[in-house]
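>>> here is my input; please provide its structure:
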Amino acid sequence: MNLKQLNKSFVLQHDQSDCGVACLLSLIQYYQGANALEKLRELSGTTRQGTTLLGLYQAANQIGFNAQGNEADIQAIVDHKAPLILHVVIEERLQHYIVCYGYENGVFIIGDPAKGLSTYSKEDLS
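Here you go, the predicted model:
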């Protein structure tokens, strides 16, 4: 995995409702595309409460991704060979989106738009 490419393409969220569109913009830039956070907010219907899974799915498909929504266990995420946007629940109450770029050397490479790039163990992600 090219960490230099990840650092160049990864986008931090601008406010607490931007995590979903920041993840989508990170993937757009990862694949050398271009777009604007404001445009993605509009396409996804992002409000002050954030972006719904449906809104994120629709925006991704409108800009050319072949997006799908799936439930997955940890092994399915390990086996997936392309970056994913994961919908996670933090402390059983805060809904959040993160990018999983892949699984390497026993850790997931994660882009958290609230914190930056880091690695998570399987236990961290569970």
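
>>> tell me how far the residue in the chain sticking out farthest from the centre lies from residue 121.
Seen from the C-alpha centroid of the chain, the residue lying at the greatest distance (Cα atoms, centre = their mean) is residue 105, 20.8 Å away. Between residue 105 and residue 121 the distance is 11 Å, computed by Cβ to Cβ, to the nearest Å. To be clear about C-beta, it is placed using only N, CA and C from the backbone, and glycine gets the same treatment.

>>> do residue 113 as well
From residue 113 to residue 121 the distance is 20 Å (Cβ to Cβ).

>>> pull the CA atoms of the helix ranked longest in the chain into PDB?
Ranked by residue count and defined by DSSP state H, the top helix of the chain is helix 19-30. Provided in PDB are the C-alpha atoms of helix 19-30 (Å, rounded to 0.1, in the frame of the first residue of the first chain):
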ATOM      1  CA  CYS A  19     -17.500  12.400   7.800                       C
ATOM      2  CA  GLY A  20     -19.400  10.600   5.000                       C
ATOM      3  CA  VAL A  21     -18.700  13.100   2.200                       C
ATOM      4  CA  ALA A  22     -15.000  13.400   3.400                       C
ATOM      5  CA  CYS A  23     -14.700   9.600   3.100                       C
ATOM      6  CA  LEU A  24     -16.200   9.700  -0.400                       C
ATOM      7  CA  LEU A  25     -13.900  12.600  -1.500                       C
ATOM      8  CA  SER A  26     -10.900  10.700  -0.100                       C
ATOM      9  CA  LEU A  27     -11.800   7.700  -2.400                       C
ATOM     10  CA  ILE A  28     -12.300  10.000  -5.300                       C
ATOM     11  CA  GLN A  29      -8.900  11.500  -4.800                       C
ATOM     12  CA  TYR A  30      -7.400   8.100  -4.100                       C
END
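
>>> which helices and strands does it pack with?
Applying 3 or more Cβ pairs under 8 Å, 6 or more residues apart in numbering; DSSP states H and E, one finds that helix 19-30 contacts helix 3-9, helix 37-44, helix 53-62, strand 84-90, strand 94-104.
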